[in-house]
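Visitor: Have a look at this prediction, sequence included:
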Amino acid sequence: MELAELGTREKAVLALERRSFAGPGAKERAIREELGLAPVRYYQLLNALLDDERALAHDPVTVNRLRRVRESHRENR
């Protein structure tokens with residue numbers, strides 16, 4: 001069974017995660033201005049994407065990196 005492709009918003013979230021940001025607040029500003037999302041909603045979407053096989057197929061490097069970060073945060077609680 002073939003997986004449906006990610007939507008435009010999901011691809012934009014992953015693309016934003018590939019970028020680096022200079023200075024505090026720069027990423028949150030980009031989230032609001034470029035995606036029209038509140039940062040809390042953005043991170044909810046991102047967290048769901050990390051468990052989505054379509055996201056892994058679309059951008060395995062970014063998804064695997066973020067999965068490792070998320071797992072290390074969970075272990076350090």
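Guide: The structure has been received and is ready for your questions.

Visitor: For residue 12, identify the helix or strand it belongs to.
Guide: Assignment of secondary structure by DSSP states H and E places residue 12 within helix 8-18.

Visitor: For the helix or strand following that helix, could you pull out the residues that count as buried?
Guide: Remark: after helix 8-18, the chain's next helix or strand is helix 26-30, criterion DSSP H and E. Using 16 or more other CB atoms under 10 Å as the test for burial, helix 26-30 gives residue 27. Heads up, the C-betas are built off the backbone N, CA and C, glycines and all.

Visitor: Summarise which helices and strands the helix or strand following helix 26-30 is packed against.
Guide: For helix 26-30, the succeeding helix or strand toward the C-terminus, using DSSP H and E, is helix 39-50. Contacts defined by 3 or more CB pairs under 8 Å, 6 or more residues apart in numbering; DSSP states H and E place helix 39-50 against helix 8-18, helix 60-75.

Visitor: how far off helix 60-75 does helix 39-50 point, in degrees?
Guide: Angle of helix 39-50 versus helix 60-75, following axes from the mean of the first three to the mean of the last three CA atoms, to 10 degrees, is 110 degrees.
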